[in-house]
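[1] sequence unknown, structure follows:
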């Protein structure tokens, strides 16, 4: 199963043997650490290439060439941040508060010699970090993601979010409080999923209605 899904990955992405080798090692580290620390759902371990790698790698196609860094919110086991770093994304800052997960991320970065760093804290605690690209996967509903991402955005930042079947409802809810431009692409890994590409994120400052005195 792993071999066929690996071939499926190769059919989607034209990557070098070096990149494939790093993904192979990452898959092995996920298997080794995952059995000890439950980094990902055990049911997905036999399907790392299709369930995780294809899903995350598809974001690389939407990353602007001018980007200098990428902030990955709630990195967990490294999705999508580590996959994107392996695929050549500019310096990736992996924001992860949980100690065992942060340690795993550091181990993978060291083993694979990636251009990435780990910021072991909650996104809400970040104060000075600004990124050209902000990514997230399976972290929060979109309205909450936008609150977090807003801390990290600059004027020309791009947000790339992997979302499931509720993407349209989450977009509708988000537009009550935020303005943004959004492209929605079908997911390569899940026929109910999508990739959201958001730019020009701004919070709506809706003036409160003063109570009229009669």
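    Yes, it's here. Since the structure is predicted, the reported quantities are computational estimates derived from the model, not experimental observations.
[2] if you skip the residues just before and after it, what's nearest to the most centrally placed residue in the chain?
    Central residue of the chain (Cα atoms, centre = their mean): residue 136, 3.0 Å from the mean position. Nearest residue to residue 136, sequence neighbours excluded (Cβ to Cβ, 6 or more residues apart in numbering): residue 73, at 4.4 Å. (C-beta placed from N, C-alpha, C; glycine too.)
[3] now for the helix or strand containing residue 11, which elements pack on it?
    Following DSSP states H and E, one finds residue 11 within helix 2-12. When contacts are defined as 3 or more Cβ pairs under 8 Å, 6 or more residues apart in numbering; DSSP states H and E, helix 2-12 sits against helix 17-37, helix 54-57.
[4] next one: the next helix-or-strand element following the last one to chain centre, how far?
    What it means is helix 54-57. For helix 54-57, the following helix or strand on the C-terminal side (DSSP H and E) is strand 70-73. On the basis of Cα atoms, centre = their mean, to the nearest Å, strand 70-73 sits 7 Å off its chain's mean C-alpha point.
[5] those strands in the protein, which residues are they?
    70-73, 92-95, 116-119, 131-137, 153-163, 178-186, 194-203 (DSSP state E).
[6] Tell me the spacing between residue 10 and residue 49.
    9 Å (Cβ to Cβ, to the nearest Å).
[7] Who has more neighbours out of the two?
    The neighbour comparison of residue 10 against residue 49 (other Cβ atoms under 10 Å) goes to residue 49, with 24 against 12.
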